[in-house]
Structure formats: C-alpha cells, structure tokens
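A.B. asks: return a 3D structure for these sequence lines:
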Amino acid sequence: MRGIPTERLEELYSDLLDHGNSRTGRGLSPKTVLDAHVIIRSSLDDAIRRGLLRTNPAKAAHAPKHRRNHCNSRTERPINTRPPLGRSM
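C.D. replies: Just a heads-up that it's a prediction; the model follows:
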C-alpha cells in the first residue's frame, strides 16, 4: 500500500468544507469533516498495526476545528453569563 500525502488529506478536508454535500453542492459542517478525519486517522492507524503503512499522514493533517455553540437555546445568551442586575429570567 502506498502512502497518502498529508497535503492530499488537507485538500480533501477543504473540498468537503467547500462543496462536500453531493445533493446540494454546499459544504459540510466543520464537525462533519472533523468526524471524517477521525475515521480516516483511525483507519490509517489500523493499517500501521497491520504493517501496511509506516506512518499515519492523518496525524500531521490539519483538520477543521469544531466550534461549539455556547448559547443556551432558551435564553440565546452564552451559558455562563448572568442576566443584568435587577432582572430575572
């Protein structure tokens, strides 16, 4: 098995972010692309354990960061903030 260049994985992640949804042509969310990266990395780790690869290029690839939404859907304010003094929720 030949190795996969790290740059190719990063191109894949970029393509998925830009137009990865085959139905709409729109990009996938960073969380979805990050999930794909985790699967690829795990699969390549298995290939190393089986002696098919020497190194895992996914370990060096930059996957998108997943940004958490820190808002509470009921208040639409960040979770760790308090209401202004004198007001109750």
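
A.B. asks: what kind of secondary structure is A36 in?
C.D. replies: When classified by DSSP: H, G, I helix; E, B strand; the rest coil, A36 comes out as helix.

A.B. asks: residues near the closest residue to it other than its chain neighbours, how many?
C.D. replies: Spatial nearest neighbour of A36, excluding adjacent residues (C-beta to C-beta, 6 or more residues apart in numbering): L16 at 6.6 Å. From N, CA and C alone the C-beta is placed, and that goes for glycine too. L16 has 19 neighbouring residues, counting by other C-beta atoms under 10 Å.

A.B. asks: for the helix or strand hosting L16, packing partners?
C.D. replies: Assigned by DSSP states H and E, L16 belongs to helix 6-19. The helices and strands touching helix 6-19, judged by 3 or more C-beta pairs under 8 Å, 6 or more residues apart in numbering; DSSP states H and E, are helix 30-49.

A.B. asks: other SSEs contacting the helix it packs on?
C.D. replies: Secondary-structure packing of helix 30-49 (3+ C-beta pairs under 8 Å, 6+ apart): helix 6-19.

A.B. asks: which outside residues touch the helix it packs on?
C.D. replies: For helix 6-19, the external contacting residues (C-beta atoms under 8 Å, 6 or more residues apart in numbering) are 25-28, 30, 32-33, 36-37, 40, 57-58, 60-64.
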